[in-house]
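In: have a look at this prediction, sequence included:
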Amino acid sequence: MTDSGEQTTELASGRARMTRRTVIGGAAALAAAGFQAVPAYAGADHGPGHGPGKTVRLTVMGTTDLHGNVFNWDYFKNAEYDDTAHNDIGLAKVSTLVSAVRDRIAADRHAPRPLLLDAGDTIQGTPLAYYYAKIEPITDGPTHPMAAAMNRIGYDAAALGNHEFNYGLDILRKFQHQLRFPLLGANAQDWTTGLPAFPPYVLKRIHVPGEKPITVGILGLTNPGIAIWDKANVENKLKFGGIVELAKLWVPRVRKAGADIVIASVHSGMDLSSSYGDALPYPENASVLMAESVPGIDAVLVGHAHLEIPERLVTNKSSGEQVVLSEPLKWGMRLSLFDLDLQKVRGQWKVVGRHSQVLNANTVDADPDVVALLQKDHDKVVEYVNSKIGTCTEAMSAATAPWEDTAALDFVNFVQADAVSKALAGTPQASLPVLAIAAPFNREAAIPASDVSVRDVAGLYVFDNTLLAVTMTGVQVKEYLEFSAAYFQQISGTGPFPSDQVTNAPTSTAPNGTPDYNYDILGGLTKPLTYKIDIAKAVGARITDLAYDGTPVTDAQEFVVAVNNYRQSGGGNFPHVKTAPVVYNRQVEIRQLMIDYVTTTGTVDPKAFHTGDWSLVSNGSPITVTS
């Protein structure tokens, strides 16, 4: 398949108004975005008997973790996106940066055309993505907005992310078929045969005026954690090998197929850590380990960790060659830019210099072509998320949910427990008390004391998790809470303490701090579950006064516990829940249950579902935490 006569591809198996920025283009756009020109490699050709060789610079651009963002729009706030760093998001902004890079390179008639890659997590994360998976699914005909935008921008390849599997294989395969470029996943393997279920790599032949083409091998690898996080969608269908193990298998094959250079697009963070502990034999974040231990890789576009890492250079332990890695944050906030300087060594192109940086999307306006292409889709979703579904008698905010009991999290737990309790009627578990588990996903979520819309509820539960229920004993519930309480930093005194001194404690599996979504709060349904967390005590000995309906919980006491599929399948590596007997699993999305509850009830009263109470203490005394 020929691409614009320059590249040959070979496969192996409200309205959004962008008003805050002014339009700039070309060199000015790149300069404003933070572009730094780096001199080309000026060393000599390494071939014996050769003089200084001609240096050719190949530029490779990369995005990752776009999570359904096309527009610079916050659907939950119904406003232009903004954060404390004033980042902008979305493919429409990325497109402007990409065009500026292409224009700069096109001005040099001797420079090869740049490549554009993505490292996964594309079709989940916003109401726009949800709408075209669940409300008007692409399996019924529509083109996915992310496919339409990425096709228009002109991507060359993308790797699978773990969230690509959230909506099931039918949606994923339809999305794959809508793309005009390959969706790669060398370690996404057929359950029975072990053969790749997606293309492992693609070869791009890049025209170089007056020279032989450069053949670029692009290898895609995704996260092994999919086997846990989306077990219900992939079990008995797909399995996922280790990133390092499959890279060792495929990199030599890519080279043998003719690749002069190899770029890996990998949905796995830089440094070794795994949210699932030892539940899988392969690490969740292994990009640096791969670069160090698998010879033959020249550059790595990194995804999954939602970090901004403009450049990291590591040395491969076998070859002694340097590898450059870059991760461009998330949601289209940044565009990674790799510059690979090549010379011919013994007649073959070889990377002799490497550099990477990131460009900031908040310096440019949205590409009007991408906006026009998807404005109708966007408007349809804005109308959907702003539709009124009920009212609420009191405002509910999640702003303080990580450190104090809130009606907002009680609401989530009530809906989950209520759905499970009703489903278990007439079963042997119907007589057991029902508990539920929820995490403070979004501190900015708030349901007003007035009309309630879809976006109000969706903002409180931003993930597309489904509901399950398991049975657990009292001692298991306590151990689960102890594990969750590792989220808090160890502090003595009653404060007041700023919240960042109390929450998000670093751990061995989360060295940069435990994320809010890995802190769980438990509540009851018909009777309250109460407990205290003493953060002056060491991790593992913090839960005190654990009681159900005012009576201390006994070790042997049995509970039904409502939990999301991410947690039950091992996400976060919480104890017991993964191996506990499952008594309910109807593949119903929790967010939709919450929307249905408000729609059916009409008027929501927070007092109706306050069936739990927990608090932070220090050496038994209540503490004060400030936002």
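Out: Now that the structure is in, tell me what you want to look at.
In: how about the helices in the stretch 201-350 of the chain?
Out: Secondary structure of the stretch 201-350 of the chain (DSSP state H, counting those that start in this stretch): helices at 226-229, 231-234, 243-256, 287-293.
In: and what of the stretch 351-500 of the chain?
Out: According to DSSP H, counting those that start in this stretch, the helices that the stretch 351-500 of the chain contains are 368-385, 407-423, 454-460, 474-484.
In: redo those as a markdown table? Include mean pLDDT.
Out: Below are the helices of the stretch 351-500 of the chain laid out as a markdown table (pLDDT from 0 to 100):
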| stretch | mean pLDDT |
| --- | --- |
| helix 368-385 | 97 |
| helix 407-423 | 96 |
| helix 454-460 | 94 |
| helix 474-484 | 98 |
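In: residues near R255, how many?
Out: R255 has 17 neighbours, counted by other CB atoms under 10 Å. Any C-beta I mention is one placed from the backbone N, CA and C, and that applies to glycine too.
In: which residues touch it?
Out: Residues in contact with R255 (CB atoms under 8 Å, 6 or more residues apart in numbering) are 217, 262, 296.
In: using neighbour counts, trim the residues you listed to the buried set.
Out: 217, 262, 296 (16 or more other CB atoms under 10 Å).
In: can you tell me which of these end up in strands?
Out: Members of these lying in strands (criterion: DSSP state E): 217, 262.
In: export the buried ones among the contacts of R255 to JSON lines and tack on pLDDT and distance to Q568?
Out: Formatted as JSON lines, these follow (pLDDT from 0 to 100; distance: CB to CB, whole Å):
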{"residue": "G217", "pLDDT": "98", "distance to Q568": "39"}
{"residue": "V262", "pLDDT": "98", "distance to Q568": "38"}
{"residue": "G296", "pLDDT": "98", "distance to Q568": "39"}
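In: so can I have TSV of the buried ones among the contacts of R255 showing distance to V502?
Out: Shown next, in TSV, are the buried ones among the contacts of R255 (distance: CB to CB, whole Å):
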residue	distance to V502
G217	48
V262	45
G296	46
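In: next one: stretch 81-88 to chain centre, how far?
Out: Centre-to-centre, stretch 81-88 and its host chain are 18 Å apart (CA atoms, centre = their mean, to the nearest Å).
In: next: stretch 294-311.
Out: From the chain centre to the centre of stretch 294-311 is a distance of 15 Å (CA atoms, centre = their mean).
In: likewise stretch 375-384?
Out: Computed by CA atoms, centre = their mean, the chain-centroid distance of stretch 375-384 equals 23 Å.
In: list the buried residues of that stretch.
Out: For stretch 375-384, burial by neighbour count (16+ other CB under 10 Å) applies to 377-378, 381-382, 384.
In: go through those and name the one nearest L337.
Out: Nearest to L337 among the buried residues of stretch 375-384 is H378, at 27.7 Å by CB to CB.
In: quick one: low-confidence ranges for this structure?
Out: For the chain, applying pLDDT under 70 flags the ranges 1-26, 42-52.
In: repeat that with 80
Out: 1-27, 41-53, 586-587, 610-612 (pLDDT under 80).
In: do you know how far the nearest residue to L481 once chain neighbours are set aside is from W614?
Out: Excluding the flanking residues, the one nearest L481 by CB to CB, 6 or more residues apart in numbering is I543, at 4.8 Å. Separation of I543 from W614 (CB to CB, to the nearest Å): 9 Å.
In: what's the neighbour count on K607?
Out: Per other CB under 10 Å, the neighbour tally for K607 reads 9.
In: quick check, it in a helix?
Out: Yes - per DSSP: H, G, I helix; E, B strand; the rest coil, K607 lies within a helix segment.
In: so what's it up against?
Out: Contacts of K607 (CB under 8 Å, 6+ apart): 393-394.
In: ok, the nearest residue to E80 once chain neighbours are set aside - contacts?
Out: Nearest non-adjacent residue to E80, counting by CB to CB, 6+ apart: N72, 5.9 Å away. Neighbouring residues of N72 by CB under 8 Å, 6+ apart: 16, 18, 80-81, 88-90, 92-93, 366.
In: just the ones in helices from these, please.
Out: Using DSSP state H, the members of these that fall within helices are 92-93.
In: in strands, which of the contacts of N72 fall?
Out: Using DSSP E, the contacts of N72 in strands are E80.
In: quick one: which of the contacts of N72 is nearest D456?
Out: In terms of CB to CB, no member of these lies closer to D456 than Y81, at 17.5 Å.
In: can you report how many residues neighbour that closest one?
Out: Residue neighbour count, defined by other CB under 10 Å, stands at 22 for Y81.
In: just give the number of residues close to the nearest residue to N223 once chain neighbours are set aside.
Out: Excluding the flanking residues, the one nearest N223 by CB to CB, 6+ apart is N162, at 4.5 Å. Counted with other CB under 10 Å, the neighbours of N162 add up to 24.
In: can you pull the contacts of N162?
Out: If a contact means CB under 8 Å, 6+ apart, then N162 has 120-121, 222-223, 225-226, 229-230, 267, 304 as its contacts.
In: kindly recompute the last result at 7 Å.
Out: Neighbouring residues of N162 by CB atoms under 7 Å, 6 or more residues apart in numbering: 121, 222-223, 225-226, 229, 267.
In: which of those sits closest to A547?
Out: Ranked by distance to A547 (CB to CB), the contacts of N162 are led by W229 at 33.0 Å.
In: wait, isn't the closest one in contact with S569?
Out: Yes - in this structure, W229 is within contact of S569 by CB atoms under 7 Å, at 5.9 Å.
In: those two: who's more crowded?
Out: W229 (25 against 22).
In: quick one: which of the helices of the stretch 201-350 of the chain is nearest W349?
Out: Comparison of the helices of the stretch 201-350 of the chain against W349 by CB to CB identifies helix 243-256 as nearest, at 12.2 Å.
In: give the buried residues for the closest one.
Out: Under the neighbour-count criterion of 16+ other CB under 10 Å, helix 243-256 has 243-247, 250-251, 254-255 buried.
In: any idea which of those is the one closest to P448?
Out: Nearest to P448 among the buried residues of helix 243-256, counting by CB to CB, is I243 at 44.4 Å.
In: do I have it right that that closest one meets S293?
Out: No - under the criterion of CB under 7 Å, I243 makes no contact with S293, lying 10.5 Å away.
In: for F463, grab the count of nearby residues.
Out: For F463, using other CB under 10 Å, the count is 18.
In: need the helices of the stretch 351-500 of the chain in a markdown table (columns: distance to T551).
Out: Listed next are the helices of the stretch 351-500 of the chain as a markdown table, based on distance: least, CB to CB, whole Å:
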| stretch | distance to T551 |
| --- | --- |
| helix 368-385 | 43 |
| helix 407-423 | 19 |
| helix 454-460 | 31 |
| helix 474-484 | 11 |
